[in-house]
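A.B. asks: Provided below for reference: sequence and predicted model.
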There are 2 protein chains.
Amino acid sequence: MFTIGIDLGGTNIVASVVNEKYEIISTDKTPTNSPRPADEVFDDIARVCFSAVEKAGLKMDDIASVGMGTPGTVNGDGVIEFANNLAFNNVPARLMLSQRLGVAADKVFLENDANCAALGEAYAGVGNGAKNFVAVTLGTGVGSGIIVDGKIVNGINFAGGECGHMVIVVDGEQCSCGRNGCWEAYASATALIRQTKKAMEEYPDSLLHQLAEKEGKVSGRTAFDAMRLGDIAGIKVVNKYIKYVACGIINIVNALQPEIICVGGGICNEGDTLMDPLRRFVQAERYSIHSKIQTEIVKAQLGNDAGVIGAAILGYVK
Amino acid sequence: MFTIGIDLGGTNIVASVVNEKYEIISTDKTPTNSPRPADEVFDDIARVCFSAVEKAGLKMDDIASVGMGTPGTVNGDGVIEFANNLAFNNVPARLMLSQRLGVAADKVFLENDANCAALGEAYAGVGNGAKNFVAVTLGTGVGSGIIVDGKIVNGINFAGGECGHMVIVVDGEQCSCGRNGCWEAYASATALIRQTKKAMEEYPDSLLHQLAEKEGKVSGRTAFDAMRLGDIAGIKVVNKYIKYVACGIINIVNALQPEIICVGGGICNEGDTLMDPLRRFVQAERYSIHSKIQTEIVKAQLGNDAGVIGAAILGYVK
C-alpha cells in the first residue's frame, strides 16, 4: 500500500510516496514562491505529486490516500482557514487536491504541519508507534503536536497543540502571538539569540563576541559554542536557556504524561549538550517524580522528513 | 441499568447508586477517619455501598459496575500506589472492593478523584456529553482532569492531568509540590489568601482588615467582598488573581482547545464576579483569537456530586 505525503512549506513544496512501513520511496520538490495565488501553488503541488508517483514506478491509481501538512489552521472540511506565511485565506485545499490529482475527496487529508511532524515522529520515528506522544520543535518559534490515543489533538477549532504559546512567565517577554511570557518567547532559537545578545552586552570580554564575529552573526549556536570553550557568559546563557526549555517540557509532562516527548528543530543539532541537562531538569522537577514509569525525553529522528511522512500517515489515522 | 459511584475523600466516604441517566438514586456516607488501616477503610466503603443499594431498593446483583474516585495515583491494576492524605501505599483497591462487594474485579474501576469529577461534569454536568473537556478546581490546590475523545487522559503512569502544576512564573512562588511558580501557587484559594494578606500589609487602611476581623480570618472571600465594597486593595487583589487563573486556563486552551473548560471549587461561589472577567481575559489572550469556534469557559454545576457521579460513570467509559 502506498500513500502520498505533501509538506507545503513557506519555502518549498515537497511530495513523497511512502510505503506501508512509512518509508519514503520517492520524492520531488519545487519552490513555493509564496505569496502567489493558491491555484498556482496547487498546480505545482499536483505536479510534484505526479512526478513523485512516476519516480516510484507507480500510477496515481496505486495511491490509497493523500495527506498534506500546511502552516496555519485547517478545518474539518479540509479548508486552510488562515496561513499567514502563505497569504492563504479560506483555501479549499482538500477539494483542490482532489480535483487536480483525481483522488476522491474522502481520501485526501489535511493537517497543520507541526501536527504532521508529530505524527511522523510518533509512528515512523522516535515514537516507535507510541500512542501518547508530544513533539516539540525548537526553531524560529516553538511548534508542537500532541497525540493522544494515537490521534492528533486538534481541539474544537483545529487550533490545538500550541504548547509554544503556554505562558511560563506571567507579564514576561513579548511573544510574536501578542501575549507576554509564552514558552516560545524563551525557548525558541529566536529567543536564544536574543538571550545571547543580551549576555554580550553584559559581558563585553566574552568569547561570544569573537564567535559571533567569526560566524558573521549571532546564531542559536553561538552560546553553545562559547560554552564548549568554557566561556562563563556562554555557560550562563545555555544553562538558563535549557532551564526554559525544560520548564515547558515539564508542564507538558505534568498535564499529559505522554510516553515520549520528542524535541526537534535546529537547536537539537547540539545533541547531548542540550538533551542531557534537559533530561536532568525534567527528572528533577516533574510532578510524577516518584512514578516508576516516566515520560522519555528524546531527540527527534526524522528531521525534515517528519512532516512529509506524517502527512502520508494521515490516511491511516484519520 | 445502575452503577455505584464511590468518592473516597480525606474526610468522608460517599457511595451513591446512579442510574443510566447519571442521576443519583440513593446515597450513604460515613467519615473516613483517616489515617487508619486500609482494611478498615474498605470495610466501611463496602458498608456504605450495601446501604446505598438497599436505600435504592436494589440488590448488589442489580449493579452493573462499581467505580471509585480516590486521592493520589491509581495504576492500571486498580492499585492505589500512593495517597498522601489517606496514608495509603500500594493498596489493592480493586481487589478489596471486588471481594467485599461480591462484584467481579473486571466490573470494578478506580480513578483519581479529580479525574472522576471531570468525568462527572463532562457527562452529567455542564459538559453535556462533551468529548473534549477539562475540569479545573480552584480549592486548597488547583486540581484538574483532562478528557480527550471521551476518555480521561491518565498518561503513561496514571499521573496525567496535573495542570495545577504547570509553571506560569519561572522561579516564582514556592508550590507545595516542591517546584516554583506552579499555577496552583497563584490560582488556588490558598494562593488567593496569601495574596490578600500581602495586600493587607501594603494597604493598612484597606477594608480587607475589617472584613477579615469580622470573619475571624482571611479567606478566599475576603478580597472579593472588599472589591464589591469598592476597596482599592480588594479590587487589585481580585484583578490580579483572576489574571493568574486566566493564564492557566489560556494555556490549557492553547494546548488542547477543548470544547469546554469547567471551573469549580470554593472560589466559584463568587459566580459571575469571577467568571465574567475570567472569560474576558481568556477571550482577549487565547492564541486562537480568530477562530469562529471557541472553548467555552463555564462554572461547574454538580458541586460535590461531580466526583461520585464521575466514579459511577467509570464503568461506561473504561
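C.D. replies: Looks like it arrived, so ask away. Everything quoted here is computed from the prediction, not taken from an experiment.

A.B. asks: okay, buried residues for stretch A:44-64 please.
C.D. replies: Neighbour-count burial for stretch A:44-64, with 16 or more other Cβ atoms under 10 Å in any protein chain shown as criterion, is recorded at A:44-46, A:48-53, A:56, A:58, A:63. C-betas here are computed from N, CA, C, even on glycine.

A.B. asks: same deal with stretch A:169-185?
C.D. replies: Neighbour counts over stretch A:169-185 (16+ other Cβ under 10 Å) mark A:169-170, A:172, A:175, A:177, A:179, A:181-185 as buried.

A.B. asks: now check that stretch, is it near chain B?
C.D. replies: Yes: using Cβ under 8 Å from any Cβ of the partner chain, stretch A:169-185 reaches chain B at A:169-170, A:172, A:177-179.

A.B. asks: mind putting the residues you listed into JSON lines with pLDDT and secondary structure?
C.D. replies: Formatted as JSON lines, those follow (pLDDT from 0 to 100; DSSP: H, G, I helix; E, B strand; the rest coil):
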{"residue": "A:Val169", "pLDDT": "98", "secondary structure": "strand"}
{"residue": "A:Val170", "pLDDT": "97", "secondary structure": "coil"}
{"residue": "A:Gly172", "pLDDT": "97", "secondary structure": "coil"}
{"residue": "A:Cys177", "pLDDT": "86", "secondary structure": "coil"}
{"residue": "A:Gly178", "pLDDT": "86", "secondary structure": "coil"}
{"residue": "A:Arg179", "pLDDT": "92", "secondary structure": "coil"}
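
A.B. asks: looking at the residues you listed, which one is closest to A:Met68?
C.D. replies: The closest of the residues of stretch A:169-185 next to chain B to A:Met68 turns out to be A:Cys177 (Cβ to Cβ; 24.3 Å).

A.B. asks: my guess is the closest one contacts B:Tyr287. True?
C.D. replies: Yes: applying Cβ atoms under 8 Å as the test, A:Cys177 and B:Tyr287 come out as touching, 5.7 Å apart.

A.B. asks: which residues are common contacts for the two?
C.D. replies: Both A:Cys177 and B:Tyr287 are contacted by A:His165, under the criterion Cβ atoms under 8 Å, 6 or more residues apart in numbering or on different chains.

A.B. asks: show me which residues of the stretch 1-150 of chain A sit near chain B.
C.D. replies: Applying Cβ under 8 Å from any Cβ, we find that the stretch 1-150 of chain A lies next to chain B at A:73, A:81-82, A:132, A:144, A:146, A:148-149.

A.B. asks: tell me which of the residues you listed fall in strands.
C.D. replies: With strands defined by DSSP state E, the entries of the residues of the stretch 1-150 of chain A next to chain B inside them are A:73, A:81-82, A:144, A:146, A:148.

A.B. asks: who wins for neighbours among those residues?
C.D. replies: Within these, A:Ile146 tops the neighbour count with 30 neighbours, counted by other Cβ atoms under 10 Å in any protein chain shown.

A.B. asks: excluding chain neighbours, what is closest to that one?
C.D. replies: A:Val153 (4.2 Å; Cβ to Cβ, 6 or more residues apart in numbering or on different chains).

A.B. asks: chain center to the longest helix seen in chain A, what's the gap?
C.D. replies: Assignment by DSSP state H gives helix A:232-256 as the longest helix of chain A. How far helix A:232-256 lies from its chain's middle: 18 Å, per Cα atoms, centre = their mean, to the nearest Å.

A.B. asks: need the contact list for the closest residue to chain B within the stretch 101-250 of chain A.
C.D. replies: With Cβ to the nearest Cβ as the measure, A:Gly155 is the residue of the stretch 101-250 of chain A nearest to chain B, at 2.3 Å. If a contact means Cβ under 8 Å, 6+ apart, then A:Gly155 has A:161, B:132, B:256-258, B:295 as its contacts.

A.B. asks: also A:Gly303?
C.D. replies: By Cβ under 8 Å, 6+ apart, the residues touching A:Gly303 are A:Gly264.

A.B. asks: ok, it to chain B distance?
C.D. replies: Distance from A:Gly303 to chain B, counting by Cβ to the nearest Cβ, to the nearest Å: 25 Å.

A.B. asks: need the residues of the stretch 201-318 of chain A near chain B, please.
C.D. replies: Neighbours of chain B within the stretch 201-318 of chain A, by Cβ under 8 Å from any Cβ: A:243-244, A:247, A:250-252, A:254-259, A:285, A:287-295.

A.B. asks: which residues of chain A fall in helices?
C.D. replies: Applying DSSP H to chain A gives helices spanning A:38-55, A:93-101, A:113-124, A:184-187, A:189-202, A:207-215, A:222-228, A:232-256, A:272-285, A:305-317.

A.B. asks: B:Glu270 is nearest to which of the ones you listed?
C.D. replies: Among the helices of chain A, if distance is taken as Cβ to Cβ, the winner is helix A:232-256, at 25.6 Å.

A.B. asks: what angle separates the closest one from helix B:232-256?
C.D. replies: Taking axes from the mean of the first three to the mean of the last three Cα atoms, to 10 degrees, one finds helix A:232-256 and helix B:232-256 inclined to each other by 80 degrees.

A.B. asks: next, the buried residues of helix A:232-256.
C.D. replies: For helix A:232-256, by 16+ other Cβ under 10 Å, it's A:233-234, A:236-238, A:240-256.

A.B. asks: next one: stretch A:71-85
C.D. replies: By neighbour count on 16+ other Cβ under 10 Å, the buried set for stretch A:71-85 is A:71-75, A:78-83.

A.B. asks: so where's the stretch 101-250 of chain A uncertain?
C.D. replies: Nowhere does the stretch 101-250 of chain A drop to pLDDT under 70.

A.B. asks: right, and A:Ser176 touches A:Gly141 too?
C.D. replies: Yes: between A:Ser176 and A:Gly141 there is a contact under Cβ under 8 Å: 6.7 Å.

A.B. asks: joint contacts of these two?
C.D. replies: In contact with both A:Ser176 and A:Gly141: A:Glu184, using Cβ under 8 Å, 6+ apart.

A.B. asks: can you lay out the buried residues of stretch A:71-85 as a markdown table showing pLDDT?
C.D. replies: Below are the buried residues of stretch A:71-85 laid out as a markdown table (pLDDT from 0 to 100):
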| residue | pLDDT |
| --- | --- |
| A:Pro71 | 89 |
| A:Gly72 | 85 |
| A:Thr73 | 86 |
| A:Val74 | 91 |
| A:Asn75 | 91 |
| A:Gly78 | 95 |
| A:Val79 | 95 |
| A:Ile80 | 94 |
| A:Glu81 | 89 |
| A:Phe82 | 85 |
| A:Ala83 | 85 |
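
A.B. asks: hmm, which two among those are most spread apart?
C.D. replies: Going by Cβ to Cβ, the pair spanning the buried residues of stretch A:71-85 furthest: A:Pro71 and A:Gly78, at 15.2 Å.

A.B. asks: residues touching the residue nearest to A:Asn269 when sequence neighbours are not counted, list them.
C.D. replies: Spatial nearest neighbour of A:Asn269, excluding adjacent residues (Cβ to Cβ, 6+ apart): A:Arg221 at 7.8 Å. Neighbour list for A:Arg221: A:215, A:269-270 [criterion: Cβ under 8 Å, 6+ apart].

A.B. asks: again, but for A:Val103
C.D. replies: Contacts of A:Val103 were listed using Cβ under 8 Å, 6+ apart, and they are A:60, A:63, A:65-66, A:97.

A.B. asks: for B:Asp171, see how far away the residue of chain A positioned farthest from its centre is.
C.D. replies: Within chain A, A:Asp205 marks the point farthest from the mean C-alpha position, 36.0 Å out by Cα atoms, centre = their mean. Going from A:Asp205 to B:Asp171 by Cβ to Cβ, to the nearest Å gives 27 Å.

A.B. asks: all set now, cheers.
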